[in-house]
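S.K.: Pasting the sequence and the predicted coordinates here, then a few questions.
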Amino acid sequence: MCDAKLESLSKDSDKFRCPICLEKVRNPKYLPCYHTFCKSCIQTYISSTAACSGDNSPKTIQCPVCRKSIQAPSDDASSEEWACSLPKDKLILSMSVDSDRSENKYCMFCKRNDKTVPAKHWCKTCTETICDDCKSFHSHVPLLQCHKIVRLSDVENLRKETEIDEPCVIHKGKYVEVFCHDHDQLCCSTCFFTKHRFCKKVESIEDVTMELEESYGQITPKCFEDVLKNLDHERKMYRETVAHLNAKKQEICKNTETKIEEIKSLLDKAQNQWMKQFEQKHSDAVENIEIVSDEVKRFATAVQEAKTMLQRVLENGSTKQIFVSRYKVRHQILDHVDRLRGLNIWGVVYDYNQPDTDFLRQVFKNRNFQDVSVLEMPTETLDTVSTLAVQLQSTTMLYRRKIMSQKDWMKIGFEKLAESELNSDVNYGLFVDDTNVLLSVKNPPSLQIYDITDTKARCVLAYPCSTTPYGLCQSGKSMDKVYVSFETHVDYYKVEISHSVSLKKIKTIELKGCMKALSCGPEMFFTRNDKMRMICTPDFSVKYSSPGSSGGNPPFISASFHSDKHAVIVGNDLLVVDKNNEELFKKNLQDCSPRGLAFDLQENIFVCLKSNKLIQIKYGGGESRYIELPNIKESYNVVFHPTGEKMLVLDFRKRFSVYRVLDKHKD
């Protein structure tokens, strides 16, 4: 019955529905993870599931949709008190005023007194429909005189006046006022003064929404449509797999029992043992599939809820509501994806095999039957949800990159954000998210991740390597998947950053020749060793190679943000070459001692000079300038964040610094 209701959501997806009862949400309340439920539903859920994790620990529940752990407001709070303390989802109430006229045609004040009186007005402060008498009552009560009231028949004003203030999920009675770009977080005034007043970039919600560009890089309901189709297909596949396994089980058991009957007096004991083991295997297989299917169902519910919310806000909400809703939707989905990735359930049994049915020989030889083989395969669910997560992250990243690319990069300045002393030479590094950088360290051979949130960066992971790591580059649009060169092979890693930081090796690619420096374009890889530069296909097969000595320095190479062209230093010459190995641009830097280099967002090239300066050369030549950086003694390599908002500079003096890119140079 519940599944039938869930299937009907797609046919009536314009209604806000409670994920527990699957009916139109009544008296909406939401948890800190932003999922909304009927007050009565979440109260019943709390009453039946709240548990204590320890003798002195408060009660907790898990969100019915995303399973995030939610703590009770107090140790002795009842389920009713807990449900009442949850914030009312005024956004859903306000979005429903104009669209659900049939549900809002009666005065809610009178209805509580068992009276049925037609509603004529909407009170923004009370977030309820009222009649003429109750409106008059508002005007006579001092506490109610400041309430904003608009007629339900006035559609245009109704849509304008139903905008509500978004409450802070942490501080009761406070409302969201500012947005911290450094932590990607909505804040009330208390949040700002306690945790974010020293952050570099904090703006009011109104200022942020003025920068919104609807036509580019924003999350839309279309992002979720294909995922919902794929999830529905995968749930159908799970049901069919269970049916197939049941049928195959019956077939195998029937064949087995037929043979056993011929020699039953000798095989009863072996049969009973075999059946017990097989039943357990089958039970475990089906149970795991049902767990997987249930997780897919929960994720589909979360995606459907996000799609409905986003669709309705885009149709009826203000720019402020659109921004806040996109933020909430993105973090809901990404947190849910992180939890799914951590589950060890994705190897699903799809078939059984019984290779040997000579039971008499088995009993005589081994005193038992040979076990039925279980055939497993990885499901596509994680690929589906990971694709959505990458899409949500990349839309935000592309939008931020577009904003940064509109600046005049020949006039930008830099502000130091973080720095750290190192114990070894480090020639290669890159950003793996907004607050962490990955470095390849020579001694001891390791990959190290540094948190750059504070002024003094700190190492949060040291991943030992059997040989020295060299060049690093990201995999396309994904910042968390990284290629690392070890000269004779390239390892492909997944960087996981949540409550802790970890590196997981996905695969190893053996190379036919030595490669040290790596850089990735849209279609090609560009690599270097001490004597050659190479243009490679996605499997690191060399398509073109050219002489290019590094002159005793570590080899450096950099790909453009926008196209398959790359820049290298050969001797004292700066070369820019396209994917067909055709030279596009050349400039002599005879007096500069050039080292590492990087393209900026307007195709200009930054070159390190083994001094406290970098040189920025306008693409095509002509204009250039020197940039002096605080805290740098001998600049050796430079890397930009994919959005262009930050720059990492590695110093020859065993240190690194991270800078924020500013609109114009600060004298």
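M.R.: Structure received.

S.K.: what domains does the record give for this structure?
M.R.: Under automatic domain parsing, the residue ranges defining each domain of the chain are 1-86, 222-403, 407-662.

S.K.: Longest strand of the chain, counting residues only.
M.R.: strand 501-515 (DSSP state E).

S.K.: which one of the domains of the chain is the most hemmed in?
M.R.: Comparing the domains of the chain by mean neighbour count (mean count of other Cβ atoms under 10 Å), domain 407-662 ranks first with a mean of 18. For the C-beta atoms, the positions are set from N, CA and C on the backbone; glycine is no exception.

S.K.: now it: mean pLDDT?
M.R.: Domain 407-662 shows a mean pLDDT of 92.

S.K.: And that domain, how far out from the chain middle?
M.R.: Computed by Cα atoms, centre = their mean, to the nearest Å, the chain-centroid distance of domain 407-662 equals 24 Å.

S.K.: so how far does it reach from one end to the other?
M.R.: 9 Å (Cα to Cα, to the nearest Å).

S.K.: Strands of the stretch 351-500 of the chain, residue ranges please.
M.R.: 373-378, 413-421, 426-431, 436-441, 446-451, 458-464, 472-475, 478-485, 487-497 (DSSP state E, counting those that start in this stretch).

S.K.: Sheet-wise, list the partners of the next helix or strand after the longest strand of the chain with their directions.
M.R.: Once the chain leaves strand 501-515, the next helix or strand it forms, by DSSP states H and E, is strand 517-520. As defined by DSSP bridges, the strand partners of strand 517-520 come to strand 525-528 (antiparallel).

S.K.: which neighbours does the longest strand of the chain have in its sheet, and in what orientation?
M.R.: strand 487-497 (antiparallel).

S.K.: Would you tell me which of the domains of the chain gets closest to Ile170?
M.R.: domain 1-86 (7.8 Å; Cβ to Cβ).

S.K.: quick one: average pLDDT of the closest one?
M.R.: For domain 1-86, the mean confidence score works out to 78.

S.K.: Off-centre distance for the helix or strand encompassing Asp207?
M.R.: Following DSSP H and E, one finds Asp207 within helix 205-210. Helix 205-210 sits 23 Å away from the centroid of its parent chain (Cα atoms, centre = their mean).

S.K.: before we move on, the earlier item: nearest approach to Gly317 belongs to which of the strands of the stretch 351-500 of the chain?
M.R.: So among these, strand 478-485 is nearest, using Cβ to Cβ, at 29.9 Å.

S.K.: coming back round to it: restrict the longest strand of the chain to CA atoms and write it as PDB.
M.R.: Extracted in PDB, the C-alpha atoms of strand 501-515 (Å, rounded to 0.1, in the frame of the first residue of the first chain):
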ATOM      1  CA  VAL A 501      39.900  12.700   5.900                       C
ATOM      2  CA  SER A 502      41.000   9.600   3.900                       C
ATOM      3  CA  LEU A 503      42.400   8.600   0.600                       C
ATOM      4  CA  LYS A 504      41.200   5.400  -1.200                       C
ATOM      5  CA  LYS A 505      43.100   4.000  -4.200                       C
ATOM      6  CA  ILE A 506      40.700   3.200  -7.000                       C
ATOM      7  CA  LYS A 507      43.100   1.800  -9.600                       C
ATOM      8  CA  THR A 508      46.700   1.700 -10.900                       C
ATOM      9  CA  ILE A 509      47.600   2.600 -14.500                       C
ATOM     10  CA  GLU A 510      51.000   1.200 -15.600                       C
ATOM     11  CA  LEU A 511      53.000   3.500 -17.900                       C
ATOM     12  CA  LYS A 512      55.100   2.600 -20.900                       C
ATOM     13  CA  GLY A 513      57.400   5.500 -20.200                       C
ATOM     14  CA  CYS A 514      58.400   7.800 -17.400                       C
ATOM     15  CA  MET A 515      55.900  10.600 -16.500                       C
END
